Structures are given as structure tokens and as C-alpha cells.
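**Student:** Kindly return the folded structure for what I paste below:
(one chain, ligands or ions: 1)
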Amino acid sequence: MVECSYERMEDKIKTFSKFGDTGKGGITRFSLSEEAIAARCEFVKRMEAIGASIVTDDMANLYATIPGTEDLPAIFSGSHMDSVRQGGNYDGILGVLTAMEVAETIVKEKIPHKHPITVIVWTNEEGARFEPAMMSSGVICGKFDKAAMLASEAKDRKGYTFSQALEESGFKGEEKNRMNPAKTKALVELHIEQGPVLEAEGIDIGVVEGVCGMINYEFTFIGQAGHAGTTPMKYRKDALYAAVKTIQYLHDELDQLDSKLVYTTGKISAHPNIHTIIPDEVKFTLDARHQDPEVIKQVLTIIKKIPSVVEQCKVSYEEAWSRRTVSFTSKLVDYVEKSAREFGYSNRRIYSGPGHDAQFVIDLVPTTMIFVPSVGGHSHCEIEYTPVENCLKGANVLLHTILHIDKE
Ligand SMILES: [Zn+2]
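**Tutor:** Residues are numbered from 1 along each chain as shown. Have a look, this model is predicted:
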């Protein structure tokens, strides 16, 4: 079976690691920054060298297409090149590099294919500089309002908007170049798992079935401020104590649900946050994720059982945001599994906890994803790592998934 090249894969990873190199093993490559533009230029140079034609759309999404032998819709693959601050060399970029390697293998090995193959680079997936995350896939898939996105202000430079960064980037193209569902056969995005499951189980390839649904709730506890030295315990309305008891209740109850449920209280604030004053207002969040909407419903039932008064403090809560479980195209999921099996790579089906551009694309065209293991489960940090050997296995599965799609 035809395979991608280890040497080329390694070279790609090494080369792109230079764009935004922090000197500590990671990168800071914010969307449309100087470093990101340098990475885009390298992408364009390499794709043109294998005969790809390059276009960008009005959100600076970048498309490199090698023609097929017939006038058919294109098969898409790719991901994002931007990173979080002090992020790693694999999140997003590996999906671009493996797609490039697949295109290069197809060209160099003269593998016949009917459909054009397009490598796509999505603009601003991380939302680390301009909010929100998955901005440009969101705009072209109808999830976000373009005008609101253009007005998004940079977190690192006051008054500087996404619109200005776009104008100055040299990569702003025309709306007519957007991924068009009528001219797109399918999209396959390879990504690192960003969690510890595949590595812990000794699995080469994650066959991604979808993206977990999630809910995010914010809880507020209102008590009464008072002097820490004068207010006897029985007279207190301590909002922090009420919040802590509620967090404990949530953990005790949520732990009884399905073991695949993950939940997090990642944000908490106490007012006035002074060591001599009893807290009068405390807020915390609860993020809960599971692939089965029924389990998410059970989480809601547990939330609704929280009394309106805890430790004499008033309790309220509201949904900050949520997302429904996304299921990828089953035929494509099967192709990924089949391709992994053909190579003898160990594989398992898995749901993604994090969000990805592909979860928006599924609304427009048949879509799926491939995961490769993240060493130690680390991601969004400089020690993020996937050995070249695993990256290559991912590229091989991507190559053969695309070839299976091409044969339809
Ligand atoms: Zn990513």
C-alpha cells in the first residue's frame, strides 16, 4: 500500500515549528500575526511547488487545490495554523501538515484520483487573539455574523480589530472563493487527541465519531458581608461556604452518572475577596460534556435539585452557553476505520471533547475527523507532543480515507 514519507513529515513538523518558536519547545502563533503569515507563506510556497493552485476567501481561509482527472467536487482536508499563547507544535498545524503530506504523496507517487484535493487552512480557530474560537469556519458555515467578527478586538492590542488584521495580512480574498457545498465532496480533518485516552490504551488512531455535546452553567450565591472577627458563625451568610457545599454536592451526584461524563468548575470568583470579610457574592461555572444528550439531561436534573437557599444564601444559576452533540458522517467514519485496519494500526472509536472547525463544516458537507495520540494527554502547552511515527500513521490513514472517498 502506498504510504506517506517519514522524512517529509518530519521536515514539515520541524520547519513549521520555527514560525513563532518560543525557544522552549513550543510556539506562540496568533492568528494573522507576523509568525502566522510567515507560516502561510511557507505553506503557499510548498503547495505551489507540487502544482497546487491557491486562493483565499474573504475571511482569509486559505485553499490549495491539486486538480483531479474529472470535473468533480473537491475532497477537503486541513485544519488551523494559529496557536494559543505558548502552545504546542501539533494542535491544528498537524492537520494542515498531514493534508499537505497527503497531497504531496499523491502528486509524487502519481496516484490517480478523480476528485480535486484541497488543503484548507482555517483562519483564527483558537480565538486566542480575536474572539471567538473557530471564527472563520463559523462565518462561512453560517454560525457567526461576519460584521460582528470583523469588529472583534485584539486581546493583545487595544482598538485593533480582526478586520484591520485581515486587511493587513495580504491573505484577504473574495467571498466567491469560500468552501462551496455544491463543489465540496467531503472534509476530513486530522487532529491531535489533546487528551490521554489513545496513548494510555496504546492506540494509534482515534476514529472520531463526533464532538461531545456540552453545557456551561454559571451559579451565583448571595450572602451577607460581615466582619470576620465579630460575626458569630451561626449568624453568618457565607456565600463561599454555600458555593463550596454546592460544588461538593455536584461532584457527589455527577460521579454517579456515566463514567464518560467529564465536568469542571474552572472559574470561581468571591466578592469582596478580602481576608477579613465574609464573602457576600460568589460565582462559579460548571462545564459538563458527554456524547449522549440523555446524560446531559441527567446533569441538568441534578442541577435543578439544588435548593434556592443553601447555608442561608440565595442561589441562582443560568446557562452561559451550550452545544449539541455533533455526529460525523457514518460512511466517512467507516472509511477512517477501514483505512486504519488496512495498515494494521490499532484503533478505537472516540468522541472529541474539544471543539474543532469540522463540527461546523458537518452542517454543509459530509465530514469526519481522525485523531492521533497526544503524549501524556498534554495540549495547549509547550510540551504538547506526538512522535513523527504517530503523525505518519495519521497521514497514511488520511491518505487512504481520501482515496476511499475518491473511489465512490
Ligand atoms: Zn486545534
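
**Student:** Would you agree E209 falls within a strand?
**Tutor:** Yes: secondary structure assignment places E209 in a strand (DSSP: H, G, I helix; E, B strand; the rest coil).

**Student:** isn't it right up against R348?
**Tutor:** No: look at E209 against R348 with CB atoms under 8 Å: they stay out of range, at 10.3 Å. Placement of C-beta: from N, CA and C, glycine included.

**Student:** Who's the closest spatial neighbour of the residue in the stretch 51-200 of the chain that the ion sits nearest to, skipping the chain neighbours?
**Tutor:** Closest contact between the stretch 51-200 of the chain and the ion, by CB to the ion, is at G92 (3.9 Å). Spatial nearest neighbour of G92, excluding adjacent residues (CB to CB, 6 or more residues apart in numbering): H80 at 3.8 Å.

**Student:** what about that neighbour, neighbour count?
**Tutor:** Counted by other CB atoms under 10 Å, the residues lying close to H80 total 29.

**Student:** pLDDT score for it?
**Tutor:** For H80, the pLDDT comes out at 98.

**Student:** And it, how far from G353?
**Tutor:** From H80 across to G353, the span is 17 Å (CB to CB, to the nearest Å).

**Student:** Can you give the domain ranges for the protein?
**Tutor:** 6-211+326-407, 213-323 (automatic domain parsing).

**Student:** which one of those has the most crowded surroundings?
**Tutor:** domain 6-211+326-407 (a mean of 20; mean count of other CB atoms under 10 Å).

**Student:** hmm, who's touching stretch 326-335?
**Tutor:** For stretch 326-335, the external contacting residues (CB atoms under 8 Å, 6 or more residues apart in numbering) are 186, 188, 207-211, 213, 349, 358-359, 362, 366-369, 400-401, 404-405.

**Student:** Those in strands, which ones?
**Tutor:** Using DSSP state E, the subset of the contacts of stretch 326-335 located in strands is A186, V188, V207, V208, E209, G210, V211, G213, R349, T367, T368, M369.

**Student:** just the helices in this structure please.
**Tutor:** Along the chain, the segments classed as helices by DSSP state H run 6-16, 34-49, 93-108, 135-140, 146-150, 162-169, 197-200, 239-254, 293-304, 330-343, 358-361, 388-407.

**Student:** Include distance to I66 and mean pLDDT when you put the ones you listed into JSON lines, please.
**Tutor:** Shown next, in JSON lines, are the helices of the chain (distance: least, CB to CB, whole Å; pLDDT from 0 to 100):
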{"stretch": "helix 6-16", "distance to I66": "16", "mean pLDDT": "98"}
{"stretch": "helix 34-49", "distance to I66": "8", "mean pLDDT": "98"}
{"stretch": "helix 93-108", "distance to I66": "6", "mean pLDDT": "98"}
{"stretch": "helix 135-140", "distance to I66": "21", "mean pLDDT": "96"}
{"stretch": "helix 146-150", "distance to I66": "29", "mean pLDDT": "96"}
{"stretch": "helix 162-169", "distance to I66": "24", "mean pLDDT": "97"}
{"stretch": "helix 197-200", "distance to I66": "30", "mean pLDDT": "97"}
{"stretch": "helix 239-254", "distance to I66": "48", "mean pLDDT": "98"}
{"stretch": "helix 293-304", "distance to I66": "40", "mean pLDDT": "97"}
{"stretch": "helix 330-343", "distance to I66": "20", "mean pLDDT": "98"}
{"stretch": "helix 358-361", "distance to I66": "20", "mean pLDDT": "96"}
{"stretch": "helix 388-407", "distance to I66": "11", "mean pLDDT": "98"}
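
**Student:** With M59 as the reference, name the closest of those.
**Tutor:** helix 135-140 (3.9 Å; CB to CB).

**Student:** so what's the residue of the stretch 51-200 of the chain closest to the ion up against?
**Tutor:** Per CB under 8 Å, 6+ apart, neighbours of G92: S79, H80, M81, D82, S83, E125, E126, H191.

**Student:** do L32 as well
**Tutor:** By CB under 8 Å, 6+ apart, the neighbours of L32 are A60, D82, T123, N124, R129, F162, A165, L166, E168, S169, F171.

**Student:** On the pLDDT front, check the closest residue to the ion within the stretch 251-400 of the chain for me.
**Tutor:** Using CB to the ion, H356 is the residue of the stretch 251-400 of the chain that sits closest to the ion, at 6.1 Å. In this model, H356 is scored at 95, pLDDT.

**Student:** From R236, how far off is it?
**Tutor:** For H356 relative to R236 (CB to CB), the value is 46 Å.

**Student:** Alongside the ion, which residues does this structure contribute?
**Tutor:** Counting by CB under 5 Å from the ion, the chain comes close to the ion at D91, G92.

**Student:** Distance check, the residue of the stretch 201-350 of the chain found nearest the ion against P354.
**Tutor:** Per CB to the ion, V211 is where the stretch 201-350 of the chain lies closest to the ion, at 12.0 Å. Distance, V211 to P354, by CB to CB: 8 Å.

**Student:** again, but for F130
**Tutor:** For F130, the distance to P354 - CB to CB - is 19 Å.

**Student:** Please apply the same query to S152.
**Tutor:** 21 Å.
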